[in-house]
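A.B. asks: okay, here's the prediction I keep looking at, along with the sequence it came from:
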Amino acid sequence: MSDWMRRVLVGVAGLLGAIGVATAAMTSHGEDVRNLAAISAMALAHAPVLLVLGLMGRGRALSIVGLVLTAGCLIFVGDLAMRHWVGTSLFPGAAPIGGGGMILGWLGVAIAGMFRGLLNE
């Protein structure tokens, strides 16, 4: 995994961690907090895996997995944030595209873990 990829993954992990904690705190101060709760859950669920991939990930397969997870999570969280604060989606189909990206990323983690050779490419 390249150095710039590691920096991106660790940086996004930190950003998602901060977003997750902030939106969790916001849920206690509002009425319609469904999107904020979902943002918090997705951000806090994906920040640790991106941190681990950034710090310990090896190989091309895990670089791709990290990018897919990052893109999926940022699109999904961005769409929920737009819906909450602006009242419109990020773009048509953003939530299912982001969610699909996260699912594909997690499947990539599973495949890379089952086929050890992928971890060292």
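C.D. replies: Arrived safely, thanks for sending.
A.B. asks: roughly how far apart are the residue nearest to Ala37 when sequence neighbours are not counted and Ala38?
C.D. replies: Nearest non-adjacent residue to Ala37, counting by C-beta to C-beta, 6 or more residues apart in numbering: Thr27, 5.2 Å away. From N, CA and C alone the C-beta is placed, and that goes for glycine too. For Thr27, the distance to Ala38 equals 10 Å [C-beta to C-beta, to the nearest Å].
A.B. asks: if you count surrounding residues, which of those two has more?
C.D. replies: Ala38 (18 against 15; other C-beta atoms under 10 Å).
A.B. asks: quick check, that one in contact with Arg83.
C.D. replies: No - with contact defined as C-beta atoms under 8 Å, Ala38 does not reach Arg83; the gap is 9.8 Å.
A.B. asks: give me every residue that touches Asp32.
C.D. replies: If a contact means C-beta atoms under 8 Å, 6 or more residues apart in numbering, then Asp32 has no contacts.
A.B. asks: helix or strand for it, which one?
C.D. replies: Counting by DSSP states H and E, no helix or strand carries Asp32.
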